[in-house]
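Novice: Structure for this input, please:
(chains A and B)
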Amino acid sequence: MRVAIFNDVIKPLVNFQGDRHNQEVHNGVGWTNGIFAIYEENSFGALEFKGTKKEIGFLQNKFTNTNFKYADNVITNEVLKNSIGSPCNFLLLFKKMNSTIIAFSDINNFFNSNQQLSYGKTFYKRYGGEYFKYSGISFENN
Amino acid sequence: MIVNWIDTNGNATITSINTENGISVYDLWSLLGGVDTFTNDNGSFVQSNDSMEFTAFLISELAPQVKKQIIAKVFPTSSVKSS
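Specialist: This next block holds a predicted model:
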């Protein structure tokens, strides 16, 4: 597991009594790559854990040991979209997480066995301010 | 790699990406729609995770050598060493 730790974003919080103090926005929270989370959630089988989970663990090395517990949020497309322009831009973080170049110039077949794969699901894609409806997507080696 | 977007009339729109020098998972996700995939909930469009699901599906179907690289470099699992 690769983990990046960075300073939390601090923003003022106001309650209904008018009290105001600074709050760490993501205190106690970890964010997981949405693509990895799909595999993680599928591995739970019939239990169907979705979205935010609670991570509980124990770390030990020769210098120290610690318990940890945090809310494990998922970086979804919605989170990415909403964070554009905010101080905590998840789109940049997501790009960094997934930017390792996978080299396969020496491999003849990109796919496992098929030359063509299909994934059928109705969805919409936005292009130039308009929404286009698709009934599926297929992939080919070129 | 070629991606065919199949519309509801069965027509395909083609986008392609040059995979000769390798590709990143981010490139795949962007190619498959990025943040711009949606579902329609009673007439209003709601952000969906379809591009992430397509990427996860595509990675799961890749050739073993390619998949191995992605798991090692992008999604490494934690390991425990005993001594």
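Novice: so how far is chain A from the residue nearest the centre of chain B?
Specialist: For chain B, the residue nearest the mean C-alpha position is residue B:55 (1.7 Å; Cα atoms, centre = their mean). Separation of residue B:55 from chain A (Cβ to the nearest Cβ, to the nearest Å): 5 Å. C-beta here means a position set from N, CA and C on the backbone, and glycine is covered the same way.
Novice: which SS class is the nearest residue to that residue once chain neighbours are set aside?
Specialist: Of all residues not flanking residue B:55 in the chain, residue B:29 sits nearest, at 4.7 Å (Cβ to Cβ, 6 or more residues apart in numbering or on different chains). Counting by DSSP: H, G, I helix; E, B strand; the rest coil, the backbone at residue B:29 sits in helix.
Novice: Surely residue B:29 touches residue A:99?
Specialist: No: Residue B:29 lies out of contact with residue A:99 (Cβ atoms under 8 Å); the separation is 10.7 Å.
Novice: Tell me where the model's unsure across chain A.
Specialist: A:1, A:47-48, A:104-110, A:112-114, A:142 (pLDDT under 70).
Novice: Now do the helices in it.
Specialist: Under the criterion DSSP state H, chain A contains helices at A:34-42, A:77-83, A:90-97.
Novice: thinking again about what came up before, who has more neighbours out of residue B:29 and residue A:99?
Specialist: The neighbour comparison of residue B:29 against residue A:99 (other Cβ atoms under 10 Å in any protein chain shown) goes to residue B:29, with 24 against 12.
Novice: so which strand or helix has residue B:40?
Specialist: Under the criterion DSSP states H and E, the helix or strand holding residue B:40 is strand B:37-41.
Novice: quick one: the next helix or strand after that strand to chain centroid distance?
Specialist: As assigned by DSSP H and E, the chain's next helix or strand after strand B:37-41 is strand B:44-47. Here strand B:44-47 is found 20 Å from its chain centre; the criterion is Cα atoms, centre = their mean, to the nearest Å.
Novice: repeat for stretch A:25-42
Specialist: 5 Å.
Novice: Please identify the buried residues of that stretch?
Specialist: In terms of neighbour count (16 or more other Cβ atoms under 10 Å in any protein chain shown), stretch A:25-42 has its buried residues at A:31-38, A:40-41.
Novice: from those, which single one is nearest residue A:16?
Specialist: Distance to residue A:16, by Cβ to Cβ, is smallest for residue A:31 among the buried residues of stretch A:25-42, at 29.1 Å.
Novice: Can you tell me who that closest one pairs with across the strands?
Specialist: Residue A:31 has these beta-bridge partners by DSSP bridges: residue A:73.
Novice: residues contacting it?
Specialist: Contact analysis of residue A:31 by Cβ atoms under 8 Å, 6 or more residues apart in numbering or on different chains lists A:72-75, A:79, A:90, A:93.
Novice: List just the nearest of those residues to residue B:16.
Specialist: residue A:75 (27.0 Å).
Novice: In this structure the closest one contacts residue A:34, no?
Specialist: Yes: in this structure, residue A:75 is within contact of residue A:34 by Cβ under 8 Å, at 4.7 Å.
Novice: intersection of neighbour lists for the two?
Specialist: residue A:94.
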